[in-house]
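> just a sequence and a predicted model for now, questions to come.
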Protein chains: 2
Amino acid sequence: MTDERLVLALAGGVGGGKFCRGLAAVLPPERLAIVVNTADDFVHLGLHISPDVDSVLYALADMNDLERGWGLAGETWNFMAALERLGGQTWFKLGDRDLATHVLRTEALAKGRTLSEVTALLARRLGIAHSVLPMSDDPIRSVVETNEGTLDFQDYFVRRQCKPTFRGVTFRGAAKAKPGEAFRQALGRAQAIVIAPSNPFVSIDPILALPGIKDALRRRPVAAVSPIVGGKAIKGPLGKMMGEFGVEPSALGVAQHYGRLVGGWVIDTVDRDLAPAIEALGCRVKVCDTIMRTLDDKRRLAQDAVGFAFELATEAVE
Amino acid sequence: MTDERLVLALAGGVGGGKFCRGLAAVLPPERLAIVVNTADDFVHLGLHISPDVDSVLYALADMNDLERGWGLAGETWNFMAALERLGGQTWFKLGDRDLATHVLRTEALAKGRTLSEVTALLARRLGIAHSVLPMSDDPIRSVVETNEGTLDFQDYFVRRQCKPTFRGVTFRGAAKAKPGEAFRQALGRAQAIVIAPSNPFVSIDPILALPGIKDALRRRPVAAVSPIVGGKAIKGPLGKMMGEFGVEPSALGVAQHYGRLVGGWVIDTVDRDLAPAIEALGCRVKVCDTIMRTLDDKRRLAQDAVGFAFELATEAVE
């Protein structure tokens, strides 16, 4: 009998993109739905930019730059150079090729298409067979509280390079936003949920902040991959943010942050000593290699996480 | 005594850009106002594109590609390649550097700035000291009548490469548009008008179609440089368009087209035999080299045309 169970992944950012690439390698399109954070979307230079959606799209299409960690491989920056000469804002880097995505998206949204429709169109054009679903078609914006006041997410994250001290984040518009139609359908049908090793504060929490999502997830087997390995984020400012927020920057700290929402934690072998403390929170723990350097690493981690999520599902039934 | 007389130039397109580069080389900024056609402006991929304004800006900043004849020198096309992969429209070529101009302009217009303000800003950022004035801040669009029906200008000019037979052109919005404030001021102050060797049908006629402009010009010394040399357009489809419109593609045909509006014609030495026929229309004629290959050529032609315009002005006073 063919396995037809649907996996729903929650993802955002670069770590999310890498993990989703692994998921797409081990699950056929009809068995995977990827829901992506849109709370770091913003309008810049008049263009609608969806950084997390694009990170996932580019990773799935094998177009992402693996060294730089964001954007497209083989990218060029002549638009930015010309923009600088014209005195335009250059703190957010837009590559020449990447621009095509933003221009097409902006034009399609202006013509009344939804973000879901535009994302599906872009995915199709990039040859991506798997479903990449923006968490919502409504505008939701992360607003970061810092010691220097309230900052729009990209102001904090890119322009200020996370230098102000992180005090917390709110998701403007989330309470009134509707989770995307395909997201709700996938949530209803999914036999297992996996949370990517993405930043919990700014990539996953916005998804959880949408009406009804937390309640729906509490009734489901949810496995999560720790974005903190050996006390540090693999990439990005999560370690710094956790410390400033007063949370221990460790796999245990992340597990405490999500609480009872996550039934099973995938943590790295270097963090095996944390397993008992995480289990004491009422979670199961799976210890394995979680560093994703090669496609094989991604595939193996995806397989481990998905297998673990189905174990949780089976136990729940028993 | 310093010469303080103001010259007003009417221009559009590539020939206009080259001629204006010459004018800017022989006249200080306070003695030259360049009014540029905006009837070939259009919104493409959600971006506001002003091809004639940009041709003049890039020529004045010495950034224009002299071989290709349009766009920026040293341009790259990675945006277009990415857009093509995404299935976007690629019939109108937008270079990576050129895009910065369109993105900045579109954003500024969306924020409520006028086209005049945006153009002044771009000119300043490009180090252009001379005034480049869009003919109007109101939308005016050239619509071309052809044997295949009515076509938007860029559809006819770029997408269809002028292949349909030209039957005429109208300027939608022109009758209700207001000439730009700085254009009107320059028109009131100018001691001489020069018309660049631009396409009369689609570059100069739109300017003349604005309310009050023809009347104002009839009271002024107007010198024009023929865009047709030896029975052919230097560049572009003007010769073809004139033939299809039923006008002789010659310097005489162009002179007949403008009629009494132009008091003096600058024609090329190869067309010297046409001088008597043009003079018979009631115009004066100046014969000189009009082909602009080098900056010196442009400077010399500008000097000839401006000097000729002031001769007409002096005669009018006498």
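Happy to help now that I have it. Residues are numbered from 1 along each chain as shown, chains lettered A, B, ... in the order given.
> surely A:A108 meets A:E117?
Yes - using C-beta atoms under 8 Å, A:A108 is in contact with A:E117, at 7.3 Å. C-beta here means a position set from N, CA and C on the backbone, and glycine is covered the same way.
> so A:G243 sits in a helix?
Yes - assessed with DSSP: H, G, I helix; E, B strand; the rest coil, A:G243 lies in a helix.
> that one and chain B, how far apart?
37 Å (C-beta to the nearest C-beta, to the nearest Å).
> check contacts around the nearest residue to A:C162 once chain neighbours are set aside.
Using C-beta to C-beta, 6 or more residues apart in numbering or on different chains and skipping the chain neighbours, the partner closest in space to A:C162 is A:P237 (4.0 Å). By C-beta atoms under 8 Å, 6 or more residues apart in numbering or on different chains, the contact set of A:P237 is A:F157, A:C162, A:N199.
> between the residues you listed, which has the most around it?
A:N199 (29 neighbours; other C-beta atoms under 10 Å in any protein chain shown).
> ok, how many other residues are close to the closest residue to that residue other than its chain neighbours?
Spatial nearest neighbour of A:N199, excluding adjacent residues (C-beta to C-beta, 6+ apart): A:L238 at 4.8 Å. Using other C-beta under 10 Å, A:L238 has 27 other residues around it.
> now do the one 4 residues further on
For A:M242, the tally of surrounding residues (other C-beta under 10 Å) stands at 24.
> same check, this time on A:G168
If we define neighbours as other C-beta under 10 Å, then A:G168 has 12 of them.
> and for A:C288?
A:C288 has 16 neighbouring residues, counting by other C-beta under 10 Å.
> now name the helix or strand holding the residue nearest to it when sequence neighbours are not counted.
Leaving aside its chain neighbours, A:C288 sits nearest to A:D304 (4.9 Å; criterion: C-beta to C-beta, 6+ apart). Under the criterion of DSSP states H and E, A:D304 resides in helix A:295-317.
> so which other helices or strands are in contact with that helix?
Counting contacts by 3 or more C-beta pairs under 8 Å, 6 or more residues apart in numbering or on different chains; DSSP states H and E, helix A:295-317 packs against helix A:13-26, strand A:192-195, strand A:222-225, strand A:264-268, strand A:284-288.
> would you turn these into JSON lines with mean pLDDT and distance to B:A255?
Shown next, in JSON lines, are the helices and strands packed on helix A:295-317 (pLDDT from 0 to 100; distance: least, C-beta to C-beta, whole Å):
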{"stretch": "helix A:13-26", "mean pLDDT": "95", "distance to B:A255": "64"}
{"stretch": "strand A:192-195", "mean pLDDT": "97", "distance to B:A255": "76"}
{"stretch": "strand A:222-225", "mean pLDDT": "98", "distance to B:A255": "77"}
{"stretch": "strand A:264-268", "mean pLDDT": "98", "distance to B:A255": "82"}
{"stretch": "strand A:284-288", "mean pLDDT": "98", "distance to B:A255": "84"}
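> can you lay out those as CSV showing distance to B:L121?
Shown next, in CSV, are the helices and strands packed on helix A:295-317 (distance: least, C-beta to C-beta, whole Å):
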stretch, distance to B:L121
helix A:13-26, 35
strand A:192-195, 46
strand A:222-225, 48
strand A:264-268, 52
strand A:284-288, 56
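> A:R5 is nearest to which of these?
strand A:192-195 (6.8 Å; C-beta to C-beta).
> next SSE downstream of that closest one?
Sequence order places helix A:205-208 as the next helix or strand after strand A:192-195, per DSSP H and E.
> show me what that following helix is in contact with.
With C-beta under 8 Å, 6+ apart as the criterion, helix A:205-208 contacts A:10, A:12, A:35, A:37-39, A:135, A:140, A:142, A:169, A:171, A:174, A:213-214, A:217, A:261.
> drop anything exposed from the residues you listed.
Listed as buried from the contacts of helix A:205-208 are A:10, A:12, A:35, A:37-39, A:135, A:140, A:142, A:169, A:171, A:174, A:213, A:217, A:261; burial here means 16 or more other C-beta atoms under 10 Å in any protein chain shown.
> for A:V14, what are its contacts?
Per C-beta under 8 Å, 6+ apart, neighbours of A:V14: A:S55, A:G69, A:W70, A:K235, A:G236.
> hmm, A:G15 and the first one touching each other?
What that stands for is A:S55. No - at 9.1 Å, A:S55 does not count as touching A:G15 under the criterion of C-beta under 8 Å.
> pLDDT weak spots in the stretch 151-300 of chain A?
For the stretch 151-300 of chain A, not a single residue meets the criterion pLDDT under 70.
> which single residue in it comes nearest to chain B?
Taking C-beta to the nearest C-beta, chain B has its nearest neighbour within the stretch 151-300 of chain A at A:Q154, 15.9 Å off.
> how far away is the nearest residue to A:R85 once chain neighbours are set aside from B:W70?
Using C-beta to C-beta, 6+ apart and skipping residues adjacent in sequence, the residue nearest A:R85 is B:R125, 6.9 Å away. Using C-beta to C-beta, to the nearest Å, we find B:R125 at a distance of 21 Å from B:W70.
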